[in-house]
Every structure is written in C-alpha cells, then in structure tokens.
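K.L.:
fold the following, please.
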Amino acid sequence: MRYIFKFPDIGEGVHEGKILKWHVEKGQRVAMGDPVVQVETDKVVADIPAPRDGAVVDRFGAVGEIINVGDALIELEIEGVAGAEAQAIAAEKPKPRTQEPVDEAGFGVVGTIEVAGDAAVLPAGSEGLPAAPVAPEAAPRRKALATPVSRAMARELGVDIDQVAGTGPGGRVMKSDIQAHYDRLRTAAPAPAPAAAPAPDVPRVEYEPLSMIRKAIARNMAVSKGTAAHMTVIDEVEVSALVALRRDHKDRLQARGVSLTYLPFVLKAVAGALKRHRSLNSQLDLENNRMVYQLDVNIGIAVDTDDGLVVPVIRHADRLSILELAARIQEFAARARERKLTLDDFKGGTFTVTNYGAIGGLFGVPVINYPQAAILGIGRVVERPVVKDGQLAVGRVMPLSLSVDHRIVDGGATTRFLNDVMASLREPVGMLLGE
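P.N.:
Numbers count the residues shown, from 1 in each chain. Here you go, the predicted structure:
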C-alpha cells in the first residue's frame with residue numbers, strides 16, 4: 001500500500017518549519033525511526049523520523065522550502081499490507097498530546113507547551129489509501145501534492161502549482177494538469193500592458209527571508225514589551241579581586257579544556273541571590289489571581305549565534321560549582337552555534353542573564369524573557385579610577401543592568417537583589433567557600 005507521511009506537530013507548538021536537508025532519496029528503503037528529513041523550527045533543528053518501514057516513493061518539498069504542519073513530507077510503499085490492515089493503518093490517529101506547564105521555552109513562550117504523545121515515533125497523518133480522482137474544477141488546496149518533475153514544469157511555465165487541480169492518485173497534480181491549466185491561462189489572459197518607465201531615484205535594497213529564529217525573537221520581544229512593565233536599575237561593582245582570582249586559575253583550567261570567563265562567577269552570584277530574594281525568581285499568574293514562586297533556580301544564558309539569539313537553560317544552577325557552571329556554559333555555547341540544542345535545553349528557565357559585555361558595551365536595557373520576572377545584563381569590565389581605603393587607585397569595574405517586571409518586583413527589592421549580587425562579585429572567595 002501507499003502511505004503519505006505528513007509533517008507532524010513535534011510538540012513545541014510550532015506551525016511551520018524549513019527543510020534544511022533530505023536524508024533519503026527516491027527508491028531508498030527506510031526502517032521505522034530512521035531520519036528522513038532535517039527541519040529547522042523557530043527553536044531547534046530536528047530530524048524527522050520515518051513512521052514505518054517501507055520504500056520511499058516520493059519526497060515533497062525542496063531544501064529551503066517552508067512547510068506547514070500537515071503538509072506531505074514523503075510517500076512510502078509499505079509491502080505486505082493490503083485490505084483491512086491497510087485501511088486500519090490509514091485510519092490511525094496520533095495519540096493525544098498532553099500539556100504540561102512550563103515557565104518558558106527558549107524565548108519565553110507563555111502558558112503551556114504541547115508535548116508529543118508516548119509513541120516511539122512521530123505520528124503520521126491520516127492519509128494512506130488512494131482517493132477518488134479529483135475533478136479538474138475542484139477548489140485548489142493549500143499546498144499541491146506533486147512530484148519534483150511536475151513542480152519543475154510549473155516553474156518553467158510560470159504556473160502557481162497550488163492553484164492547479166490535480167487529477168492523479170490522491171489528488172496529485174500531474175504534468176497534464178499543469179499543461180491544461182497553462183493553456184487556459186494563455187487563452188484567458190489579456191494582452192500585456194506596456195512596461196512602465198522606471199521610477200527615478202528608486203532606493204537600492206536587498207531582501208532576505210526571515211529565519212525561523214528571527215521570527216520567534218520578533219514575536220516574543222513584542223509580547224514581552226507589550227505585557228511586562230519594564231524597569232531597569234543600573235550599577236557598577238569593583239571586581240579587582242574577581243579579576244585576580246580568574247587570572248590565577250584561567251591557564252590551569254584552560255589546560256583541562258575549560259574556559260574560565262567572568263560569566264560563571266556572575267551566575268553563581270545570581271543563583272545565590274535568587275534563593276534569598278524569591279520575588280526575582282517568580283511569575284505573575286493573573287488568570288488565577290496569584291503569584292508563582294519558583295523553588296528551582298534555572299538560569300537561561302543568552303548565546304549569540306549567526307542565526308540569532310538563543311537562550312538555553314542551566315537547571316539547578318544553585319547546586320553547581322563555578323567550575324561546573326563554566327563547563328556547562330562552554331558546552332551550551334558550542335552546541336548553540338552548531339545548532340545542536342534540543343527542545344529540553346530551552347525549558348524551565350526562571351531567570352535570564354545576558355553577557356553583551358563579552359562583545360562590547362557598558363550598560364543596556366535588557367528585555368525580560370517573559371513570563372520571567374527579571375533579566376540581568378553584564379557590561380564590559382573596564383579599568384577605572386576608584387577610591388580604596390581613602391586612597392585613589394586603579395580598579396576593575398563591571399557594569400550591571402537589571403531589568404524587572406515592575407508589576408512583580410518593586411524598586412526596593414530590585415536594588416537589594418542587585419546589591420546582593422554585587423557583594424558576591426566584590427568578594428568572590430565567599431562563593432567558593434559556599435558562604
């Protein structure tokens with residue numbers, strides 16, 4: 001029997017994806033669970049596995065093409081299946097998805113996230129048996145079912161294949177359908193109007209499609225700014241002791257493959273402060289008229305990649321040593337730039353830290369990763385004159401910018417939290433001793 005496998009809802013609430021790479025060719029045999037196509041969503045790059053054993057009859061969609069959930073991906077020939085068994089397979093429905101509450105996923109998704117069912121493979125669509133031929137005048141579908149040869153013919157003739165009614169098996173658009181549609185268009189088309197003269201001083205621009213990540217960033221930043229009442233407090237902390245501590249251990253740890261930056265020290269200081277200032281580790285639940293205080297400290301770290309900003313989450317950051325935090329940061333940064341992060345890497349964040357100072361800049365106004373309550377921005381550490389014990393000296397200063405949702409956190413609580421963080425950074429030995 002022939003079985004058409006559609007792009008499934010992979011459990012992250014996305015509606016579309018971009019085809020990055022095909023793992024199979026026409027005629028190739030696949031086993032259930034084998035990857036057939038690599039798809040980029042707004043959060044991750046994922047391999048979609050085959051739902052059953054069979055031979056690939058056709059692929060739908062070219063590399064770089066945007067596909068929607070429910071669009072056909074591949075057509076499989078499943079041997080040894082016929083009659084009632086074939087109808088049963090075609091009528092299979094995916095197991096119901098459960099919903100579990102999350103604090104955020106990646107860029108701060110609000111509410112709940114759909115989680116895939118317990119099946120071993122991703123659920124297939126309900127199509128499987130050839131349908132009755134569709135009349136030529138049937139209403140056009142959202143996305144045509146057609147072979148690459150037919151699509152190539154449509155492009156050459158300038159025909160929108162999604163407007164062509166298919167007469168092949170399952171409503172597939174055949175070459176004859178495209179030719180007939182093209183002939184009708186030529187017969188009905190009016191004479192072309194004379195070309196208009198080019199407008200003077202037309203701006204020179206270049207267009208580029210939005211990436212999946214950029215669309216997610218735009219959407220979630222707008223939600224955050226339109227919902228949370230942003231307030232930002234900025235301050236500076238003298239960190240000469242921290243600079244010396246890092247310098248003394250940097251080379252030794254580098255030899256062990258661990259890059260020791262200032263960020264793990266900041267995460268350690270933030271994790272400790274969040275345990276003592278729970279309003280910064282909370283969410284506002286207006287629907288149920290309550291506050292939600294997080295008992296776990298899961299800190300998201302903003303990672304700059306060529307495709308855009310991503311925010312993987314270090315879970316239970318308060319339980320990790322500075323060395324363990326450094327290793328986790330390094331691992332996440334490498335996997336983020338290779339697009340190897342998974343959906344689980346984005347879940348459960350309760351607070352976010354963004355280290356724009358690693359590139360440049362002193363202060364900023366970070367945008368909260370909604371629905372979290374706060375985000376801390378770290379500026380570039382600079383040399384600056386400071387007063388120590390009544391004497392002028394050269395100090396090392398770290399700028400900090402703390403944005404909070406003012407609906408949740410008042411100014412006093414914000415300042416006390418920031419003071420707590422700065423005290424740990426000013427005397428970093430206390431963090432090493434667990435004080």
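K.L.:
can you count the residues close to residue 385?
P.N.:
9 (other C-beta atoms under 10 Å). C-beta: built from backbone N, CA, C; applies to glycine.
K.L.:
that one and residue 395, how far apart?
P.N.:
Separation of residue 385 from residue 395 (C-beta to C-beta, to the nearest Å) stands at 7 Å.
K.L.:
try residue 223
P.N.:
40 Å.
K.L.:
map the structural domains onto the sequence of this structure.
P.N.:
As given by automatic domain parsing, the domain ranges for the chain are 2-188, 212-432.
K.L.:
point to the helix or strand of this protein where mean pLDDT is at its lowest.
P.N.:
strand 112-115 (a mean of 32; mean pLDDT, DSSP states H and E).
K.L.:
and the end-to-end length of stretch 19-26?
P.N.:
Using C-alpha to C-alpha, to the nearest Å, the end-to-end distance of stretch 19-26 comes out at 17 Å.
K.L.:
mean confidence score for it?
P.N.:
The average pLDDT within stretch 19-26 is 89.
K.L.:
with stretch 228-248 instead?
P.N.:
The model assigns stretch 228-248 a mean pLDDT of 96.
K.L.:
distance from the chain centre to it, please.
P.N.:
Offset of stretch 228-248 from its chain centre (C-alpha atoms, centre = their mean, to the nearest Å): 29 Å.
K.L.:
how about residue 386, secondary structure?
P.N.:
strand (DSSP: H, G, I helix; E, B strand; the rest coil).
K.L.:
which one of the domains of the chain has the lowest average pLDDT?
P.N.:
domain 2-188 (a mean of 70).
K.L.:
what sits against residue 269?
P.N.:
420-421, 424-425, 431 (C-beta atoms under 8 Å, 6 or more residues apart in numbering).
K.L.:
can you do 6 Å?
P.N.:
By C-beta atoms under 6 Å, 6 or more residues apart in numbering, the residues touching residue 269 are 421, 424-425.
K.L.:
which residues in the stretch 51-200 of the chain form strands?
P.N.:
54-59, 66-68, 72-77, 98-101, 112-115 (DSSP state E, counting those that start in this stretch).
K.L.:
let me fix that: the stretch 301-435 of the chain
P.N.:
303-305, 308-310, 313-314, 351-354, 374-378, 382-388, 391-405.
K.L.:
my guess is residue 367 contacts residue 222, does it?
P.N.:
No. With contact defined as C-beta atoms under 6 Å, residue 367 does not count as touching residue 222 (9.8 Å).
K.L.:
neighbour count winner among those two?
P.N.:
Taking neighbours as other C-beta under 10 Å, residue 367 and residue 222 compare with residue 367 leading, 21 against 11.
K.L.:
distance of the more buried one relative to residue 161?
P.N.:
Taken as C-beta to C-beta, the span from residue 367 to residue 161 is 41 Å.
K.L.:
residue 430 now?
P.N.:
In terms of C-beta to C-beta, residue 430 sits 67 Å off from residue 161.
K.L.:
tell me which of these two has more neighbours.
P.N.:
Neighbour count, other C-beta under 10 Å: between residue 430 and residue 161, residue 161 has more, with 21 against 13.
K.L.:
okay, now the nearest residue to the more buried one once chain neighbours are set aside: neighbour count?
P.N.:
Closest residue to residue 161 apart from its sequence neighbours, by C-beta to C-beta, 6 or more residues apart in numbering: residue 154 at 4.1 Å. The number of residues packed around residue 154, counting by other C-beta under 10 Å, is 24.
K.L.:
quick check: which element contains the closest residue to residue 307 other than its chain neighbours?
P.N.:
Closest residue to residue 307 apart from its sequence neighbours, by C-beta to C-beta, 6+ apart: residue 213 at 5.0 Å. Using DSSP states H and E, residue 213 sits within helix 212-227.
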